[in-house]
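Asker: Sequence plus the predicted model coming up.
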Amino acid sequence: SIKDELTRRVTMYAEQMGESFNKIYVKDVSSHWGSCSIRRNLNFNYRLAMIPVELADYVIIHELCHLKEMNHSASFWNLVEKYLPDYREKRNRLKKQNINVD
């Protein structure tokens, strides 16, 4: 299932990043690919199953970085870049995905 695959990938990246999370939810939302709550819950759009895995991984790493930085500050983007040096290219490709998500 998409939740099993996301859980596997999130766990792998969280271990590499030294991060811990609470729960993973897979939802049908049209406004975003993922989100991170103050309770350390990670929410992902089920449409991640429909895009290339490296773009889904960008979303995973982006949300895991929010566990350290709950904003989109320079510190946040530096953290994303630390774990995904080509994040800008992945973010641009993600924006071009023809799925009704911002």
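Answerer: Looks like it came in fine.
Asker: give me the low-pLDDT residue ranges for the protein?
Answerer: By pLDDT under 70, the weakly predicted segments of the chain are 98-102.
Asker: Spell out the residue ranges of the helices in it.
Answerer: Assigned by DSSP state H, the chain shows helices spanning 2-17, 53-65, 74-83, 87-95.
Asker: which of these sits most buried?
Answerer: Of all the helices of the chain, helix 53-65 carries the top mean neighbour count, a mean of 21, counting by mean count of other CB atoms under 10 Å. For glycine as for every other residue, the C-beta is placed from the backbone atoms N, C-alpha and C.
Asker: which helices and strands sit right next to it?
Answerer: In terms of contacts (3 or more CB pairs under 8 Å, 6 or more residues apart in numbering; DSSP states H and E), helix 53-65 is packed against helix 2-17, strand 34-36, strand 42-45, helix 74-83, helix 87-95.
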